[in-house]
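Colleague: mind looking at a prediction? Sequence and model below.
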Amino acid sequence: MIPGQVQRREEGNLIIEDVPSFPEGLSDRLLQYQNTRSAGLQDWHLTKDGNDVQGMIITTRFAQVPQLHYVKNPGGYRKQLTYFSERIAGASSCPNPSVYNGLIYTKDIGGNENYQLYYFDFDTAKTILLTDGSSKNGAVKWTKKGDQFAFHSTKRDKTNHDIYISTPTPNTEPT
């Protein structure tokens, strides 16, 4: 290259000046660093008496979005709990599994940020929708007894966030 002379090339609609070309295969080599999986701790899953930990709930990315997984012991196998095309935003496990042996997780649809609350039952591996399907919901916090949980929602007017208390049972109107 001659000093003061601009090295120029065109790639499709791009005009590139004084930018070196990537070596062949570099993009493929970088994939191992770009496509890593991380795990995020969501909550602990306690024993039925609530006195000990029997596992942890984590989110980790499979395919393109984070899903819920259960890990029973350190270095243990992670068991996938959810299989959605949408990401799981967070989860909170009931602190008293003798009352509700499950967790509540939040998920939206298509990135609309109208997060809904779902209850996942560990005994049946079934999920039920707890909220109305259209308002924004989140910030689940269980009572110490594990019989109720509080959360915020825009259910009243789709704008303002109010605090509600509910139980993880279908067709229960939050108060």
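Modeller: Done, it's in.
Colleague: could you count how many residues lie near residue 19?
Modeller: 10 (other C-beta atoms under 10 Å). Backbone N, C-alpha and C define where each C-beta goes, glycine included.
Colleague: how about the backbone phi and psi for it?
Modeller: The phi and psi torsions at residue 19 (degrees, to the nearest 10) take the values phi -120, psi 120.
Colleague: repeat for residue 32
Modeller: Dihedral angles for residue 32 - degrees, to the nearest 10 - are phi -60, psi -20.
Colleague: give me the sheet partners of the strand or helix carrying residue 120 and which way each runs.
Modeller: Taking DSSP states H and E as the criterion, residue 120 maps to strand 116-121. In the sheet, strand 116-121 lines up against strand 102-107 (antiparallel), strand 127-129 (antiparallel) (DSSP bridges).
Colleague: what's the most buried one of those?
Modeller: strand 102-107 (a mean of 24; mean count of other C-beta atoms under 10 Å).
Colleague: give me the contacts around it.
Modeller: 42-43, 45, 57, 68, 82, 84, 86-94, 115-123, 130, 137-138, 140, 149, 168 (C-beta atoms under 8 Å, 6 or more residues apart in numbering).
Colleague: how about the helix or strand bottoming out on mean pLDDT in the chain as PDB, C-alpha atoms only?
Modeller: Every helix and strand of the chain was ranked by mean pLDDT, DSSP states H and E. The lowest is helix 26-34, at a mean of 80. Coordinates of each C-alpha in helix 26-34 appear next as PDB, following Å, rounded to 0.1, in the frame of the first residue of the first chain:
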ATOM      1  CA  LEU A  26     -12.100 -16.400  10.800                       C
ATOM      2  CA  SER A  27     -15.900 -16.000  11.100                       C
ATOM      3  CA  ASP A  28     -16.300 -19.700  11.600                       C
ATOM      4  CA  ARG A  29     -13.500 -19.800  14.200                       C
ATOM      5  CA  LEU A  30     -15.100 -17.000  16.200                       C
ATOM      6  CA  LEU A  31     -18.400 -18.900  16.500                       C
ATOM      7  CA  GLN A  32     -16.900 -21.000  19.400                       C
ATOM      8  CA  TYR A  33     -16.600 -17.800  21.400                       C
ATOM      9  CA  GLN A  34     -19.900 -16.200  20.300                       C
END
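Colleague: since that was my last question, I'll sign off now.
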